[in-house]
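Chemist: sequence first, predicted model second:
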Amino acid sequence: CLVITASQMKKNKILCKTLSTVESLGSIRGLCFDKTGTITKNNMSVTNISRGVKELNVQELGDEEDSGSTATNHFLTISTLCNDTAITVSGDLTGNATDKAIYKFSTNVQSKSELESKWNTVFELAFNSKDKYMAKLVEPVDKSTNSAFAQVGITEEVDSEHSGLLLVKGAPDIILEKCKYVMTPSDEGTDSVIEEISYELESQIVEIKNRWSAQGKRVILLASMVLDKHDLNFDDGANTREFIQAEIANGNLCLVGLIGIQDPPRKNIDKVIDKLRDAGIKIAMITGDFELTGLEIARQVNIVTKQVDKYSDLVDFNEDSYISHEDEEEADYILINKKERVRVINRALSLTGNDIDALSEFQWRNVVRYAELVCTRTTPEHKLLIIKQFQKYGAIIGMTGDGINDSPSLKQADVGISLIDASDIAKEASDLILMNDDEDEEDALFNSIIEALKYGRLVFENLRKTIAYLLPAGTFAELWPVLLNI
């Protein structure tokens, strides 16, 4: 029965790596989705830019009126050089989708080769999901003058021989608190102004970030600082890394600009979510993105359809306030630990990574009761913890993801599901791979999940019918193999 079902699934472009997975599919009661590349297309493009607090249309950056602006030069220097995108021999871009989107945008205005003729990269801090930023230390190619620094708006006296420019790119909610200054274009000419960030300027920056995020966009902050590299030994990578991290943490960065990036949801993913919910499956979205961005995408794809609670609501949780207005006959229930019947909290819950770190066991017990769940600013450790907590309270849980950072949670889940274009590590950790890679049938990709669950429940139903048929007949010789395989 399991072999036949697995074969049928393969015909529907669903690769099942083990037969036991087919059996587990029929029992799934919760499904966690990663956002980027799973819920969304992972096909990003720059839609908004801001130099300092001055917002621009993307076509305006570097145009005839803006040509030669030192603020624009600085903006493009960070966008292009503080970037992991590389070009293959065939001309294709490699790297993560965020970097590629920024690289395409910035190199359309100024080529990378032009910037590399002015700056050499001497050290790099790669992006990681904990710090939420990447950094590169560059130095002028021509150290005899300050022209390279002057072209990016740094007019103070700089020792070009022993100084470098530290470029930083990452999450605004993490980096903004480390910025002491802001660079804005001058009202006249091509010069720029560097000033301390006042409360008013900080409020404007936060307003821009929140407004773009509330539109479902990923927001990236660009910053820099002049760094004295006289005493740095670049052969000692560990100490250099610690030194640069400490300099960033000291809070003397200069904010140069913000970038808003759109990553649209996959076609018809909202209909897939609705079908899964109608099948009695609880849906959760887990992402490393900012909370406002994650919530807006969750609303667009119908993961969030109800009133949203926050961590503070868990802290002040009052059972009566959640159920007193509901009709007892219409209330939904779930089983915790397979024996305790509790009412579902018919609301959505939004938690950040910091919230998850602070949750008590009692609060986790209430988290699993929420009908809808969105977790943002999470690390791979958070994703793994969420899966374990659902399992701890008796849920059979599935996890869908495509990145390297999803692999621990894919491995831990009862059924790990990855896409055909996922990273090799994610596919290795998965139990199920959705094989449909036809761009013209994009909506068929996640419809495959529905088909997979149908086959899993079909197996479960067939086993139940088999047992029901054999028991009255007393043919225990045929029944024992079925029972032992269960």
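Modeler: Looks like it arrived, so ask away. Computed from a prediction, not measured in an experiment: that's the story for all the values here. Numbers count the residues shown, from 1 in each chain.

Chemist: hang on, Val219 packs against Thr293?
Modeler: Yes: under the criterion of Cβ atoms under 8 Å, Val219 makes contact with Thr293 at 7.3 Å. Where you see a C-beta, it was placed from the backbone N, CA and C, and this is true even at glycine.

Chemist: who touches both of these two?
Modeler: Counting by Cβ atoms under 8 Å, 6 or more residues apart in numbering, the common neighbours of Val219 and Thr293 are Ser213.

Chemist: what about Leu165, which SS state?
Modeler: Secondary structure state of Leu165, per DSSP: H, G, I helix; E, B strand; the rest coil, is strand.

Chemist: if I read this right, it contacts Ala150, doesn't it?
Modeler: No: with contact defined as Cβ under 8 Å, Leu165 does not reach Ala150; the gap is 11.8 Å.

Chemist: who has more neighbours, those two?
Modeler: Neighbours were counted for Leu165 and for Ala150 using other Cβ atoms under 10 Å; Leu165 has more, 23 against 14.

Chemist: may I have the beta-bridge partners of the more buried one?
Modeler: Assessed by DSSP bridges, Leu165 has beta-bridge partners Val138, Val226.

Chemist: let me see the contact set for it.
Modeler: 77, 119, 137-139, 149, 152, 154, 224-227.

Chemist: in which helix or strand does Ala223 reside?
Modeler: For Ala223, the element it lies in under DSSP states H and E is strand 218-228.

Chemist: following element in sequence after that strand, please.
Modeler: Immediately after strand 218-228, counting by DSSP H and E, sits helix 237-249.

Chemist: what helices or strands is that following helix leaning on?
Modeler: In terms of contacts (3 or more Cβ pairs under 8 Å, 6 or more residues apart in numbering; DSSP states H and E), helix 237-249 is packed against strand 119-125, strand 133-140, strand 163-170, strand 218-228.

Chemist: list the buried residues of stretch 273-291.
Modeler: For stretch 273-291, a neighbour-count test (16 or more other Cβ atoms under 10 Å) marks 273, 276-277, 281-291 as buried.

Chemist: which of these sits closest to Lys178?
Modeler: Closest approach to Lys178 among those (Cβ to Cβ): Phe290, at 16.3 Å.

Chemist: where's that closest one relative to Lys427, distance?
Modeler: 28 Å (Cβ to Cβ, to the nearest Å).

Chemist: ditto for Thr85
Modeler: Following Cβ to Cβ, the distance that separates Thr85 from Lys427 is 23 Å.

Chemist: and for Glu177?
Modeler: 38 Å.

Chemist: more neighbours, the two?
Modeler: Lys427 (19 against 11).

Chemist: check which helix or strand the more buried one maps to.
Modeler: helix 424-429.

Chemist: enumerate the positions of that helix that are buried.
Modeler: By neighbour count with 16+ other Cβ under 10 Å, helix 424-429 contains the buried residues 425-427, 429.

Chemist: and what of stretch 171-184?
Modeler: Neighbour count says stretch 171-184 has 171-173, 175-176, 178-179, 181-184 buried, by 16+ other Cβ under 10 Å.

Chemist: between the residues you listed, which is nearest Asn462?
Modeler: Nearest to Asn462 among those, with distances taken as Cβ to Cβ, is Ala171, at 48.8 Å.

Chemist: OK, contacts around the closest residue to that closest one other than its chain neighbours?
Modeler: Spatial nearest neighbour of Ala171, chain neighbours left out: Lys132 (3.9 Å); criterion: Cβ to Cβ, 6 or more residues apart in numbering. Neighbour list for Lys132: 170-171, 174-175, 288, 377 [criterion: Cβ under 8 Å, 6+ apart].

Chemist: just flag the most distant two among those.
Modeler: The most distant members of the contacts of Lys132, if one measures by Cβ to Cβ, are Ile175 and Gly288, lying 14.8 Å apart.

Chemist: now do stretch 227-235, average pLDDT.
Modeler: For stretch 227-235, mean pLDDT rounds to 81.

Chemist: grab the CA positions of that stretch and hand them over as PDB.
Modeler: What follows is stretch 227-235, C-alpha atoms only, in PDB (Å, rounded to 0.1, in the frame of the first residue of the first chain):
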ATOM      1  CA  LEU A 227      38.200  53.000  10.400                       C
ATOM      2  CA  ASP A 228      41.800  53.300  11.500                       C
ATOM      3  CA  LYS A 229      43.400  50.000  10.300                       C
ATOM      4  CA  HIS A 230      46.900  50.900  11.400                       C
ATOM      5  CA  ASP A 231      47.100  48.300  14.100                       C
ATOM      6  CA  LEU A 232      45.100  45.600  12.400                       C
ATOM      7  CA  ASN A 233      46.700  42.300  11.400                       C
ATOM      8  CA  PHE A 234      44.600  40.900   8.600                       C
ATOM      9  CA  ASP A 235      46.400  37.600   8.800                       C
END
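
Chemist: how about the strands in the stretch 351-486 of the chain?
Modeler: 370-376, 397-400, 415-419, 432-434 (DSSP state E, counting those that start in this stretch).

Chemist: low-confidence ranges in the stretch 351-486 of the chain?
Modeler: 436-446, 460, 463, 466-486 (pLDDT under 70).

Chemist: now the helices for it?
Modeler: Here the stretch 351-486 of the chain has its helices, by DSSP state H, counting those that start in this stretch, at 353-358, 361-367, 380-392, 407-412, 424-429, 442-473, 476-485.

Chemist: go through the second one and flag the buried ones.
Modeler: Just to be clear, that refers to helix 361-367. Buried, per 16+ other Cβ under 10 Å, within helix 361-367: 363-367.

Chemist: list just the nearest of these to Leu115.
Modeler: The closest of those, once distances to Leu115 are taken by Cβ to Cβ, is Val367, at 47.0 Å.

Chemist: quick one: residues contacting that closest one.
Modeler: Applying Cβ under 8 Å, 6+ apart, the residues contacting Val367 are 314, 349, 351, 359, 373, 389.

Chemist: so Leu458 is in contact with Gly26, correct?
Modeler: Yes: counting by Cβ under 8 Å, Gly26 is a contact partner of Leu458 at 7.5 Å.

Chemist: the more surrounded of these two?
Modeler: Between Leu458 and Gly26, counted using other Cβ under 10 Å, the more crowded position is Gly26 (20 against 16).

Chemist: give me the distance between that one and Gly456.
Modeler: 4 Å.

Chemist: repeat that for Thr121.
Modeler: Distance, Thr121 to Gly456, using Cβ to Cβ: 50 Å.

Chemist: who's more crowded, those two?
Modeler: Ranked by neighbour count (other Cβ under 10 Å), Thr121 and Gly456 place Gly456 first, with 24 against 14.

Chemist: skipping its backbone neighbours, what lies nearest that one in space?
Modeler: Nearest one to Gly456, counting by Cβ to Cβ, 6+ apart, is Leu25 at 2.4 Å.

Chemist: circling back: mark which of the buried residues of stretch 273-291 are part of strands, please.
Modeler: Among the buried residues of stretch 273-291, the members falling in strands (DSSP state E) are 282-286.

Chemist: most widely separated two among those?
Modeler: Lys282 and Ile286 (13.0 Å).

Chemist: and Ile383, how far from Pro140?
Modeler: No Ile there; residue 383 is Lys. Applying Cβ to Cβ to Lys383 and Pro140 gives a distance of 42 Å.
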